[in-house]
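Undergrad: heads up, no residue letters with this:
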């Protein structure tokens, strides 16, 4: 009796959210974003060579550099430039492309959907494939399990661009099933999606399987089995959802991987998108565009992982208890 | 917790064979065939890195225009590329670039990550008051910031500023993996500094410097080799990807990613150029990962 009383007294109040935890997580997400922006700004400052020189390019005549400095605000103090930079970012102004001479936001907005389409579809396909791989391999014979883990190892070890090249050779050149390049209709999306989904699936399948194996040893699974629930239902209905929760915290990293992989995939398939723009900007030293893409990626990562971490603490009451 | 401590202590103890403990020694584990194959492949790869001439006498840069785009044959095992260069010779000589840049990137990440992780872990422990915690926290946030950028994009930023090239992409890929090593070394440092044997050493009147050098460092650094062995494959993969994008070593260097990029224009008529370099990247990454995991199992199994 005494024990039972004690337990109820230490139990967290249901319905009360762990506000302190949530606020701390929000603050640290904001801090990381601010630090990323600040590092980006000071890296820009530390570039060897004058930005005005890069902007001037091949041309030289007296007064040109001064005019450029005034136009781009390079003649003000570093701190003033930093504040202006922060202010512009907050109002959604990502700067002006050195090469294309138009707002970076416009340059990116024109191409962003092609990349989002690729990354989202590839992410979904990869996640589904990972769940299938993990669920199929669990509780099976040693042969099946080792075949599955070999498959995952191959998926994570194959270079993305080589998968793309092989797919092109087989499906576009040999069988002529899918177009070689471009972004017109769903046919042109199939090969890039497969290319990008495979490494994602390989990585996620490993994590999900480990998490499922841990979950299956938990007492509640014994209870479910004792009720006589069929093994497949135990796996799909009880263990899977439980096992996916901790995997959620990795989703931010997976999205980052998809964005990075999109750069390579778009190059292989000659697909327009953020990746193609970034690669062009890197070779053309178009720093505002590169910075905008990188900060955009960091923003997505921080927002997604912050939101998921918070959701995780809300969904999982065990985390509320241990404060 | 005690479990982990014993593990680090067992690793730190010199491995003298004790005459008493002979029964467990009998049980020598057989090397799995996959690990053996991976080991042989990695050894061959390292030989190719050191002395590529052992495998082929052909000059990887010698172009024979009349021999362009020949299919694989007894003379050219992997065929020839558009300029009539022998692809087998180029793959063998390319190991030097692909593997060494990957190793260099890992080395950069290990060294920087270990230093950052140690400073973060130790300052939280050794510097009293808020300042120590602040240093620790700062490094933690620094790791968060670095890992919030996708590795490929971070590397592209480095290349934008420093220009393409072998050293630059090694640094670029290295920076991206610093947080992983930094976090592991930091948590390992916190763990070791809490261990009983460190307290004992302090009770015996050892100076802080000696405790850190003799007890903390060796026990923290044992965690590194396994991590590095598993991560080298990922570094090689990342390096080949950047080279493919044209941000690493430039043609005519026979780096595998560069070779694949060059093969793209002639894929329709010459599949061999797009197959063999990729096969070697994949095989290297798989072999190194298998070896790394075997090493991890070996070290984990030794303490249990």
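TA: Sure, I can see it. What you see is a predicted model; the values in this text were computed from it and never measured. Residues are numbered from 1 along each chain as shown, chains lettered A, B, ... in the order given.
Undergrad: just the helices in chain B please.
TA: In chain order, chain B shows helices spanning B:2-12, B:22-26, B:33-50, B:87-126, B:130-148, B:151-162, B:166-193, B:196-203, B:208-211, B:217-221, B:224-244, B:256-263, B:272-303, with DSSP state H as the criterion.
Undergrad: redo those as CSV? Include mean neighbour count.
TA: C-beta coordinates here come from the backbone N, C-alpha and C atoms, glycine included. Supplementary listing: those in CSV, determined by neighbours: other Cβ atoms under 10 Å in any protein chain shown:
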stretch, mean neighbour count
helix B:2-12, 14
helix B:22-26, 7
helix B:33-50, 15
helix B:87-126, 22
helix B:130-148, 18
helix B:151-162, 23
helix B:166-193, 22
helix B:196-203, 13
helix B:208-211, 13
helix B:217-221, 19
helix B:224-244, 24
helix B:256-263, 26
helix B:272-303, 20
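Undergrad: of the ones you listed, which shows the lowest average pLDDT?
TA: Per-stretch mean pLDDT for the helices of chain B is lowest at helix B:2-12 (a mean of 43).
Undergrad: just the pLDDT for the residue nearest to residue A:163 when sequence neighbours are not counted.
TA: The shortest distance from residue A:163 to any non-neighbouring residue, by Cβ to Cβ, 6 or more residues apart in numbering or on different chains, is to residue A:195 (4.9 Å). Residue-level confidence at residue A:195 comes out at 93, pLDDT.
Undergrad: how close does residue A:195 sit to residue A:228?
TA: Here residue A:195 is placed at a distance of 44 Å from residue A:228 (Cβ to Cβ, to the nearest Å).
Undergrad: more neighbours, the two?
TA: With neighbours defined as other Cβ atoms under 10 Å in any protein chain shown, residue A:195 and residue A:228 compare such that residue A:195 has more, 27 against 6.
Undergrad: counting by contacts, list what the helix or strand harbouring that one packs against.
TA: Counting by DSSP states H and E, the element that carries residue A:195 is helix A:187-216. Contacts defined by 3 or more Cβ pairs under 8 Å, 6 or more residues apart in numbering or on different chains; DSSP states H and E place helix A:187-216 against helix A:112-137, helix A:142-157, helix A:160-167, helix A:240-248, helix A:251-269.
Undergrad: of the ones you listed, which is nearest residue B:165?
TA: Within those, the stretch nearest residue B:165 is helix A:251-269; the backing value is 18.8 Å (Cβ to Cβ).
Undergrad: what is the closest one packed up against?
TA: Packed against helix A:251-269, as judged by 3+ Cβ pairs under 8 Å, 6+ apart, are the following elements: helix A:112-137, helix A:160-167, helix A:187-216, helix A:274-283, helix A:287-315, helix B:130-148, helix B:151-162, helix B:224-244.
Undergrad: and it, average pLDDT?
TA: Along helix A:251-269, the predicted confidence averages to a pLDDT of 90.
Undergrad: could you do stretch B:62-79 as well?
TA: If you average the pLDDT over stretch B:62-79, you get 83.
Undergrad: I'd say residue B:241 and residue A:158 touch.
TA: No: using Cβ atoms under 8 Å, residue B:241 is not in contact with residue A:158, being 11.2 Å away.
Undergrad: can I get the helices of chain B in CSV including distance to residue A:274?
TA: Below are the helices of chain B laid out as CSV (distance: least, Cβ to Cβ, whole Å):
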stretch, distance to residue A:274
helix B:2-12, 43
helix B:22-26, 57
helix B:33-50, 35
helix B:87-126, 25
helix B:130-148, 17
helix B:151-162, 10
helix B:166-193, 19
helix B:196-203, 50
helix B:208-211, 50
helix B:217-221, 40
helix B:224-244, 16
helix B:256-263, 20
helix B:272-303, 25
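Undergrad: contacts only, for the residue nearest to residue A:163.
TA: A:122, A:160, A:163-164, A:167, A:265, A:268-269 (Cβ atoms under 8 Å, 6 or more residues apart in numbering or on different chains).
Undergrad: tell me the one among those residues nearest to residue A:300.
TA: residue A:122 (15.0 Å).
Undergrad: now that closest one: closest residue in space, sequence neighbours ignored.
TA: Spatial nearest neighbour of residue A:122, chain neighbours left out: residue A:196 (3.7 Å); criterion: Cβ to Cβ, 6+ apart.
Undergrad: any idea how far the closest residue in space to residue B:39 that isn't next to it in sequence is from chain A?
TA: Beyond its immediate neighbours in the sequence, the residue positioned closest to residue B:39 (Cβ to Cβ, 6+ apart) is residue B:291, lying 6.3 Å away. Residue B:291 is 12 Å from chain A, where distance means Cβ to the nearest Cβ, to the nearest Å.
Undergrad: distance of the closest residue to residue B:143 other than its chain neighbours relative to residue A:253?
TA: Nearest in space to residue B:143, with sequence neighbours left out and distances taken as Cβ to Cβ, 6+ apart, is residue B:179 at 3.7 Å. Distance, residue B:179 to residue A:253, by Cβ to Cβ: 11 Å.
Undergrad: next one: residue A:19
TA: Spatial separation of residue A:19 from residue A:253 under the definition Cβ to Cβ is 27 Å.
Undergrad: more neighbours, the two?
TA: When neighbours are counted by other Cβ under 10 Å, residue A:19 and residue A:253 differ, and residue A:253 comes out ahead with 17 against 8.
Undergrad: who touches residue B:65 in this structure?
TA: Listed by Cβ under 8 Å, 6+ apart, the contact set of residue B:65 reads B:83-84.
Undergrad: excluding chain neighbours, what is closest to residue A:43?
TA: Taking Cβ to Cβ, 6+ apart, and ignoring the residues beside it in sequence, residue A:43 has residue B:161 as its nearest neighbour in space, at 7.0 Å.
Undergrad: just checking, next helix/strand downstream of the helix or strand of chain A with the lowest mean pLDDT?
TA: Taking mean pLDDT, DSSP states H and E as the measure, the helix or strand of chain A with the lowest value is helix A:2-10, at a mean of 47. Stepping forward along the backbone from helix A:2-10, the first helix or strand reached (DSSP H and E) is helix A:19-45.
Undergrad: packing partners for that following helix?
TA: The helices and strands touching helix A:19-45, judged by 3+ Cβ pairs under 8 Å, 6+ apart, are helix A:78-90, helix A:287-315, helix B:130-148.
Undergrad: just give the closest residue to the residue of the stretch 201-304 of chain B found nearest chain A, not the sequence neighbours.
TA: Evaluated by Cβ to the nearest Cβ, the stretch 201-304 of chain B has residue B:278 as its residue closest to chain A, separated by 3.4 Å. Nearest non-adjacent residue to residue B:278, counting by Cβ to Cβ, 6+ apart: residue A:162, 3.4 Å away.
Undergrad: what sits against the residue lying farthest from the centre of chain B?
TA: In chain B, the greatest distance from the average C-alpha position (Cα atoms, centre = their mean) is reached by residue B:66, at 40.4 Å. Listed by Cβ under 8 Å, 6+ apart, the contact set of residue B:66 reads residue B:84.
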